[in-house]
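# Provide a 3D model corresponding to the input given below.
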Amino acid sequence: MNQLIRCIPCNEIFARTPYDQWPEYEYVSGSAPEPYRTVKKDEFQVFLKHHRNHPMEDLEILEDSFVSEKPYSEPTKVSYFKATNGKEKFVIKRFRKRIDEPLSYQLIQGDYSLKLLRFEIQPEEIIKQLKRELDNPPLPEHQLEAFLKLYQQVLKTIDIKNLERIPEDSTHPLEIYYKMDEVSLAYLLRNCRVIFKGQEYNEIEAFIHRQREDGVLLLKAIYQIQIVEAAQSKKETLPILHAIEGKKYVEKK
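Model (predicted):
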């Protein structure tokens, strides 16, 4: 979106983009050789007419505030992001129920937070990578299981607030990956000496260093969106237009 506009008294949002004036094409039966009819449209002008003489303001979207309960690639998801008019901050809900519907926007006066649901290691990925990299000779199953149990134990000692989030984006907005901290790394390596000896330990140590930064030893956090709406006083909800100042947009004649 290029521009976010709020009708102040109605608290309605319009996201202005280059596609607002793109025409639609309707199929017309029996009208060959041109079976489609071009229908001109201007969604922004429709918005202005609906909110004629209402004061409006531009909202600035806050960077890195986008969240959704579905993957980025899902076209029919409900998403939230934050925006501000320079004085107040708002939550904007963006949604559509069908892929052929235009996106709708709803302003929420309040805020949202992310609640941590689970903090976990990646056991299946770890085992696959260990078998792939340490295969000459392959590690016995009891050592693989012991390493997973040890890493699970390390996880219990970690405070997620002290971890560094990796810069790579996940395919899901609520799945975030973190890098193990130095203290936890030292604890893991020290206890690996109980499980692995000699050359096996050298190989597992090298594996840990390789996979800690951006591999299978990244720690995975699963979050949940919590919306908290701010209570509005009766005075705030009265539609007294002359008491509200805002930007003026001109309709096309």
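# just the helices in the stretch 151-253 of the chain please.
182-195, 198-214, 234-237 (DSSP state H, counting those that start in this stretch).
# Any buried residues in the first one, and which?
Spelled out, it's helix 182-195. Residues of helix 182-195 classed as buried: Ser184, Leu185, Tyr187, Leu188, Cys192, Ile195 (neighbour count, 16 or more other C-beta atoms under 10 Å). For every residue, glycine as well, the C-beta is placed using N, CA and C.
# Dump these to CSV, plus distance to Arg52.
Output for the buried residues of helix 182-195, formatted as CSV (distance: C-beta to C-beta, whole Å):
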residue, distance to Arg52
Ser184, 61
Leu185, 63
Tyr187, 66
Leu188, 65
Cys192, 71
Ile195, 73
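# from the residues you listed, which is closest to Ala230?
Ser184 (38.7 Å; C-beta to C-beta).
# ok, that closest one touching Val154?
Yes. Contact criterion C-beta atoms under 8 Å: Ser184 and Val154 qualify, at 5.4 Å.
# Remind me which helix or strand Glu124 belongs to.
Assessed by DSSP states H and E, Glu124 sits inside helix 123-133.
# And Phe47, by the same measure?
Going by DSSP H and E, Phe47 is part of helix 43-50.
# Quick check: what element follows that helix along the chain?
In N-to-C order, the element after helix 43-50 by DSSP H and E is strand 56-61.
# Off-centre distance for the very next helix or strand once past that following strand?
Following strand 56-61 in sequence order, the next helix or strand is strand 67-68 (DSSP H and E). Chain-centre distance of strand 67-68: 4 Å, with C-alpha atoms, centre = their mean, to the nearest Å.
# Span of stretch 43-57 from start to end?
The first residue of stretch 43-57 is 17 Å away from its last residue (C-alpha to C-alpha, to the nearest Å).
# what does stretch 92-103 give?
For stretch 92-103, the end-to-end distance is 12 Å (C-alpha to C-alpha).
# And for that stretch, what's in contact with it?
4, 13, 15, 43, 59, 61, 75-83, 104-108 (C-beta atoms under 8 Å, 6 or more residues apart in numbering).
# buried residues in that stretch?
Ile92, Lys93, Arg94.
# Look up which residues are beta-bridged to the last one.
Legend: beta-bridge partners of Arg94 under DSSP bridges are Ser79, Tyr105.
# what separates Leu218 from Thr76, distance-wise?
Note on Leu218: its distance to Thr76, by C-beta to C-beta, to the nearest Å, is 29 Å.
# ugh, wrong one, I meant Asn85
Asn85 sits 29 Å away from Thr76, taking C-beta to C-beta as the criterion.
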